[in-house]
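J.: Have a look at this fold, sequence not included:
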């Protein structure tokens, strides 16, 4: 006789793993823990119109850290409109590319927004770049005009491109800056109002992406509008204070996506005062913080290190600061601990973004109960992420590390004239491959652990190894070369060249470095040379840079 034992021993299914609500195991997608934000839906909205549609009680928009000269919010839009009208009168029209080759100055945002108001496309560039690098970007972007410092005008015009000298401050000689003076005296009421769609290109910035030489990242008006809503306003919303009372110090270059997004665009929608430094210098930064009552300081790791040294060397307290944020490059645990110990009353956060994501991805988010200084924070509103296994592409849950993928409205349109690189970087479903190894914890905080991509980060600036390799390979004493990175406490990383010498040729490290360094911007200089008999390569011939990075400490220099 059969006995039914199910009532005594009921079937108990195995426990399924419990996943946090921001992670979907079926799709492998991580969602932002922050509420979704409604973005402007008008397809004919341009960035500049969007910026100036905001209402706030801000007084001073841009302040020169050294002189105290300022541009008020009342005068900002007329200045932008005058510049746009002047460009149109010069024959610069819609979709024409204008290069900005300037250091930080209070007129940088004026000329950038003036270019965009005119429906032209801006391509910013480091003014310290070599003439060869400038020519390469001019040719590739098709720039028809360069806005630059007065000392660079002749150099640019020798390349066959028109150049306009832009003064560094408001007290300039009209005769020395005749064209600029004429432009700024154009009638702002007659500023052009060309038809601009959110989907139209607004900027071309250069990035090495996950590998290879630098590529032109095409960013649209919609990308920049999304950046304002999801990056800048998201950061400002962490505090209940009136944003027009905030004062930001701007030591990060505005030609970089990080500085451009914050200081030249986003903060100007909030009525915030931006105190502009031409270049970072620790004592000058401390003086500016005290003089202007700076409340927020976006930085890169070398600036964090400089502030710690300043505290030790001359006892600054940075009393007005509410928040210091760091991005663009990794921070060591040691440096984080030193900063938090030196400035315990300052809210310290990290953030993460890419040129290809218009600086939007994550932002640190500390609370009284949760301070995760080593994390780059929570996903910004409207952003999604995946962590995928680097071997098989499978989606991974919290606690597992793999390549980080991002999706959201700030992801670039693509790489300029490079469909192959675009399709390799933005994959099925609109996911941006970051090339970074990362993981989420169970609270939704993201940690960047390593990099798959070859890009070198020197003081927050991107260096494409392929660009340096191309210069080295033409040297008659070199048969093969690979450039990779070495960690450095002061700069984050430094470029290291692994060189295979031509047989019978005597070649020193200094000769190799001199060959490259005279052709590139200072931040791109090769800082170390390792001579090797051969380079490790895959069966397809690709240099295995990770093996070089892990072994070169044992190589003879």
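T.: The structure has been received and is ready for your questions. Just so you know, these numbers come straight off a predicted model, no measurement behind them. Numbering: from 1, shown residues only.
J.: Please make it C-alpha for all contacts and neighbour counts, starting now.
T.: Noted.
J.: ok, residue 489 - contacts?
T.: When contacts are counted by C-alpha atoms under 8 Å, 6 or more residues apart in numbering, residue 489 touches residue 332.
J.: can you tell me how far it sits from residue 520?
T.: Distance of residue 489 to residue 520, computed by C-alpha to C-alpha, to the nearest Å: 23 Å.
J.: so which strand or helix has residue 495?
T.: Using DSSP states H and E, residue 495 maps to strand 492-501.
J.: For that strand, which residues meet the burial criterion?
T.: The neighbour-count check on strand 492-501 (16 or more other C-alpha atoms under 10 Å) flags 492-501 as buried.
J.: Near residue 27, how many other residues are there?
T.: 9 (other C-alpha atoms under 10 Å).
J.: hang on, it in a strand?
T.: No. Applying DSSP: H, G, I helix; E, B strand; the rest coil, one finds residue 27 to be coil, outside a strand.
J.: For the residue nearest to it when sequence neighbours are not counted, which residues count as its bridge partners?
T.: Counting by C-alpha to C-alpha, 6 or more residues apart in numbering, residue 27 lies nearest to residue 395, which is 7.9 Å off, once chain neighbours are set aside. When bridges are called by DSSP bridges, residue 395 pairs up with residue 388.
J.: List the contacts of residue 487.
T.: Taking C-alpha under 8 Å, 6+ apart, we find residue 487 in contact with 493-494.
J.: Tell me what it is bridged to.
T.: Beta-bridge pairing for residue 487 (DSSP bridges): residue 493.
J.: do residue 162 as well
T.: Beta-bridge partners of residue 162, as defined by DSSP bridges: residue 145.
J.: Residue 530 now?
T.: Where residue 530 sits in a bridge, its partners, by DSSP bridges, are residue 498.
J.: pretty sure it is touching residue 498, no?
T.: Yes. Between residue 530 and residue 498 there is a contact at 4.8 Å, judged by C-alpha atoms under 8 Å.
J.: From residue 469, how far out is residue 449?
T.: For residue 449, the distance to residue 469 - C-alpha to C-alpha - is 26 Å.
J.: So for these two, which sits in the more crowded spot?
T.: Ranked by neighbour count (other C-alpha under 10 Å), residue 449 and residue 469 place residue 469 first, with 20 against 14.
J.: Show me what the longest helix along the chain packs onto, helices and strands only.
T.: When the chain is scanned for its longest helix (criterion: DSSP state H), the result is helix 73-89. Judged by 3 or more C-alpha pairs under 8 Å, 6 or more residues apart in numbering; DSSP states H and E, the packing partners of helix 73-89 are strand 60-64, helix 108-117, helix 178-184.
J.: Relative to residue 547, which of these is closest?
T.: Nearest to residue 547 among the helices and strands packed on helix 73-89 is helix 108-117 (42.3 Å), distances taken as C-alpha to C-alpha.
J.: burial measure for the closest residue to residue 39 other than its chain neighbours, as a count.
T.: Nearest residue to residue 39, sequence neighbours excluded (C-alpha to C-alpha, 6+ apart): residue 226, at 7.0 Å. For residue 226, the count of nearby residues is 26 (other C-alpha under 10 Å).
J.: contacting residues around residue 226?
T.: Residue 226 is in contact with 39, 409-410, counting by C-alpha under 8 Å, 6+ apart.
J.: Tell me the helix or strand right after the helix or strand that contains it.
T.: Using DSSP H and E, the element containing residue 226 is helix 221-227. Where DSSP H and E defines the elements, the next helix or strand beyond helix 221-227 is helix 233-236.
J.: tell me the average confidence for the helix or strand following that following helix?
T.: Heading C-terminal from helix 233-236, the first helix or strand you meet, by DSSP H and E, is strand 247-250. Across strand 247-250, pLDDT averages out at 97.
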